[in-house]
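Participant: this is a predicted model, with the sequence first.
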Amino acid sequence: MFRLTDFSYHGKTVFLRADLNSPVKDGRIISDARFRAVLPTIIYLLEHGAKVVIGTHQSKPYKGDYITTEEHAEILSRLLGQEVEYVEDIFGNYARERIKALKPGEALMLENLRFSAEEVKYKPIEDCERTFFVKKLAPLIDYVVNDAFAAAHRSQPSLVGFARLKPMIMGFLMEREVEALTRAYGTGEKPRVYVLGGAKVDDSLRVAENVLRNGRADLILTGGLVAHVFTLAKGFHIGDANLEFMAKRGLLELVERAEGILDEFYPYVRTPVDFAVEYRGERVEVDLLGGEKSLFDEHPILDVGSRTVEKYREVLMRAKIIVANGPMGVFEREEFAVGTVGVFRAIGESPAFSVVGGGHSIASIYQHNITGISHVSTGGGAMLSFFAGEKLPVLEAFRISYEKFRGKA
């Protein structure tokens, strides 16, 4: 695959596909983490005289954080110390005129790519090539740099559509992500521990099936809703309040699948020994074997308990490789961040090579100043797809582009 240092960019127009999709509160972006992650790539391109056209999506249609990229341009301008022009267009005449007017070392930000209907659906490269987005912009572009690892599991025009038309190059962030995940997945070092938490239960089950069946993991620790499903699969009752919540989320139908994983790999999947609920305004921890389990009937589980954190910590401190995705509970509430913070701190203190991903995971790591983690991935869904053994469309597009243009670098 092409790397950023393989080409000369002076005077060349580069379409940089970034993933600056960020959390929004009251219409304003509240985290610049993804902006900082892509800065080295932008700075390198600008310093080497490129004319940089930045494209990103933000959320999905009809959601509260589905906003324009005007503030994205403002944040990048502040971080770079130079103006990044906001262009209120994607591939129309105005956008094309502003791209043509760029001078070496200048950058602009296109409007939210998902304002274009073509960018919302997943299609093969052939279909993406035929979109108006690609056909209108391709004549103006010399190179495509993709640094949007968090969207690498998607096949959309801005992500894969230029691959056979222009050299498609990994940005520095993409390169770091691919190297770290490949090391964690492909290594023979043992023990290899996967920590699967959060709410993406279906994705986590795919990861568990893949890494256990292919000998890529020695132990799996569970938290969040993933732990709920496996705890039920082990035959424990976690109360009416939690069953009702899981039924609404369609999670009960995944219990049978979790049972299949346990039938095949029972000793290698660990579940919490205690959980925490809110009772009379306070955090109360309930032991799964001997505690007041009747509390689960009225009060939803909001975190794993302290005993679970200690047991998980013992495992993590002995690990050589750790892959973690998703929080242990509702970490946004301080009294129920105990599990997430405790487990992530243990990962940071472990001598293991560690990869941690997922938006909520990253937020918790930064919020609680957790250090020592080898690689914090910007991609939740993309990372899960990678460890589930699935082909990521963007990585496939890099390979296709490399095969076509490798003699022209």
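Facilitator: Perfect, thanks for sending it. Given the structure is predicted, the values throughout are model-derived calculations rather than measurements.
Participant: need the pLDDT of Gly290.
Facilitator: Listed pLDDT for Gly290 reads 80.
Participant: let me redo that: Ala409
Facilitator: Confidence score, pLDDT, at Ala409: 62.
Participant: what ranges do the helices span in the stretch 251-400 of the chain?
Facilitator: 255-265, 295-298, 306-318, 338-349, 359-367, 381-387, 393-405 (DSSP state H, counting those that start in this stretch).
Participant: next, the angle helix 338-349 makes with the third one.
Facilitator: If I follow you right, that is helix 306-318. Inter-element angle recorded for helix 306-318 and helix 338-349: 10 degrees (by axes from the mean of the first three to the mean of the last three CA atoms, to 10 degrees).
Participant: buried residues in helix 306-318, which are they?
Facilitator: Residues Thr308, Val309, Lys311, Tyr312, Arg313, Val315, Leu316 are the ones in helix 306-318 that count as buried (16 or more other CB atoms under 10 Å). Placement of C-beta: from N, CA and C, glycine included.
Participant: what's the closest of those residues to Phe386?
Facilitator: Leu316 (21.0 Å; CB to CB).
Participant: list the contacts of that closest one.
Facilitator: The contact partners of Leu316, by CB atoms under 8 Å, 6 or more residues apart in numbering, come to Val193, Val195, Leu221, Ile322, Val343, Ala346, Ile347, Ser350, Ala352.
Participant: can you list those in CSV and add distance to Val24, pLDDT and neighbour count?
Facilitator: What follows is those, written out as CSV (distance: CB to CB, whole Å; pLDDT from 0 to 100; neighbours: other CB atoms under 10 Å):
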residue, distance to Val24, pLDDT, neighbour count
Val193, 34, 98, 25
Val195, 28, 98, 28
Leu221, 32, 98, 26
Ile322, 31, 98, 25
Val343, 27, 97, 28
Ala346, 31, 98, 23
Ile347, 28, 97, 28
Ser350, 34, 98, 22
Ala352, 34, 98, 23
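Participant: which one among the residues you listed gets closest to Asn146?
Facilitator: Distance to Asn146 across the contacts of Leu316 (CB to CB) is lowest for Ile322, with 27.3 Å.
Participant: quick one: the helix or strand encompassing Arg176 to chain centroid distance?
Facilitator: For Arg176, the element it lies in under DSSP states H and E is helix 172-186. Remark: helix 172-186 is offset 13 Å from the chain centroid, using CA atoms, centre = their mean, to the nearest Å.
Participant: what's that helix packed up against?
Facilitator: Applying 3 or more CB pairs under 8 Å, 6 or more residues apart in numbering; DSSP states H and E, one finds that helix 172-186 makes contact with helix 33-47, strand 321-325, strand 353-357, strand 375-376, helix 381-387.
Participant: give the rounded mean pLDDT of the third one.
Facilitator: Translated: strand 353-357. Strand 353-357 comes out at a mean pLDDT of 95.
Participant: and the contacts of it?
Facilitator: With contact meaning CB under 8 Å, 6+ apart, strand 353-357 is reached by 180-181, 183-184, 187, 189, 320-325, 344, 347-348, 362, 365, 372-380, 383-384.
Participant: what's the neighbour count on the closest residue to Ala184 other than its chain neighbours?
Facilitator: Closest residue in space to Ala184, ignoring its immediate chain neighbours: Val355 at 4.7 Å, by CB to CB, 6 or more residues apart in numbering. The tally of other residues near Val355 (other CB atoms under 10 Å) stands at 26.
Participant: distance of Val355 from Tyr268?
Facilitator: Distance of Val355 to Tyr268, computed by CB to CB, to the nearest Å: 19 Å.
Participant: domains for this structure, by residue range?
Facilitator: Taking automatic domain parsing as the reference, the chain has its domains at 2-170+391-408, 178-378.
Participant: check contacts around the residue nearest to Thr13 when sequence neighbours are not counted.
Facilitator: Using CB to CB, 6+ apart and skipping the chain neighbours, the partner closest in space to Thr13 is Lys51 (4.6 Å). Lys51 makes contact with Gly11, Lys12, Thr13, Val14, Ile99, Leu102, Lys103, Pro104, Gly105, Glu106, Ala107 under the criterion CB under 8 Å, 6+ apart.
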